[in-house]
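**Student:** please work out how this folds:
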Amino acid sequence: MGGFSIASVVLSYFLTAGGLLTGSILITKLQTTSEVVGLLCWAIGSFIGGFFAARASRGSTIIEPAIGAVLVVATLVISVFGGDSARAMWHAGGGSVGKFVAEITAALVVGAVAGAFVSEKAFGEATTSGAPWILYSALTSLGAMVMAAIICVLLAVRGENSIDKLATMVLVGTVAGAFLGGVAIGASARMRVMGPAFLGGALGVVALTLLSLTQGGGHGMHEDGAAAGVAIIAVIAGIVTMLGAGTGWAIWGKKNAG
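**Tutor:** The predicted structure follows:
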């Protein structure tokens, strides 16, 4: 089954966002200030996103990851440079800022396309089994929640916002990301994947929490209250992702199942 797929673009968008996060973590771990190494890390993260996007999508999926990668960069640029102070920084930076954005875009696009190409050539059509969708859903939900949370934070820091309001916006972004990720999952899957979507959505929250703690030194999960809070949010995210998957399946996925 071929043809251009909007669902695959959305799926690739979220998976590339997860790849961008993976690359950023790798840069931090390497403690490098090299621009070349940084771009390579982002390309590797995007490669992973493109690889799984091709595995999760129906038919041939090569151009969709490239579009998803461009949209990730576009979203971040619009969110970061939408304010007056950010626009002033853009103008002050001149060509250097534009060059950096172009380099990141190129790294993500090349990585995503390469990952999708390798996936298509090595494994062929998307699986008809539901089990792999636990992993696909976890990665999609992780990317979706990260992207939504980043956008909410960037929008919040433009104005005068309290810590409580910022935390609320992050939570809202996480829930919205989980639902949108679920819609992309349901629209892309070749079968109804409600159970895997629930597990994947919950695992996405756990993975995001563990990654945050790793970046922050690994403290905070030893308290019962913190662990219980993460568990509650994980269950909520799982339910929301499952509802999104059901919506995506009912509206788009079921029409092209098989």
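**Student:** CA atoms for contacts and neighbours, from now on please.
**Tutor:** Fine.
**Student:** give me the below-cutoff pLDDT ranges for the stretch 1-150 of the chain.
**Tutor:** For the stretch 1-150 of the chain, the stretches with pLDDT under 70 are 1-3, 59, 80-95, 125-128.
**Student:** mind listing the helices for it?
**Tutor:** Under the criterion DSSP state H, counting those that start in this stretch, the stretch 1-150 of the chain carries helices at the ranges 6-30, 35-56, 63-80, 84-93, 95-123, 132-156.
**Student:** do the same with the stretch 151-258 of the chain
**Tutor:** With DSSP H, counting those that start in this stretch, the ranges of helices along the stretch 151-258 of the chain come out as 163-188, 194-215, 224-251.
**Student:** out of those helices, flag the one nearest S24.
**Tutor:** Across the helices of the stretch 151-258 of the chain, S24 has its closest neighbour in helix 194-215 (10.5 Å, Cα to Cα).
**Student:** what's the closest of the helices of the stretch 151-258 of the chain to S57?
**Tutor:** Taking those one by one with Cα to Cα, helix 163-188 is closest: 5.4 Å.
**Student:** now the closest one: average pLDDT?
**Tutor:** Helix 163-188 carries an average pLDDT of 84.
**Student:** okay, buried residues for it please.
**Tutor:** By neighbour count with 16 or more other Cα atoms under 10 Å, helix 163-188 contains the buried residues 166-167, 169-188.
**Student:** for stretch 243-258, same thing?
**Tutor:** The neighbour-count check on stretch 243-258 (16+ other Cα under 10 Å) flags L243, G244, A245, G246, T247, G248, W249, W252, G253, K254 as buried.
**Student:** now these as CSV including pLDDT and distance to T75?
**Tutor:** As requested, the buried residues of stretch 243-258 are arranged in CSV below (pLDDT from 0 to 100; distance: Cα to Cα, whole Å):
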residue, pLDDT, distance to T75
L243, 97, 25
G244, 95, 22
A245, 95, 23
G246, 96, 26
T247, 96, 24
G248, 93, 23
W249, 93, 26
W252, 87, 25
G253, 88, 26
K254, 86, 30
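**Student:** make CSV out of those and add distance to V36.
**Tutor:** Output for those, formatted as CSV (distance: Cα to Cα, whole Å):
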residue, distance to V36
L243, 41
G244, 38
A245, 38
G246, 42
T247, 42
G248, 39
W249, 41
W252, 41
G253, 40
K254, 44
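**Student:** burial count for the nearest residue to T61 once chain neighbours are set aside?
**Tutor:** Excluding the flanking residues, the one nearest T61 by Cα to Cα, 6 or more residues apart in numbering is A54, at 5.3 Å. A54: 30 surrounding residues under other Cα atoms under 10 Å.
**Student:** can you verify my assumption that A54 contacts K121?
**Tutor:** No. The pair A54 / K121 is not scored as a contact, 10.1 Å apart, by Cα atoms under 8 Å.
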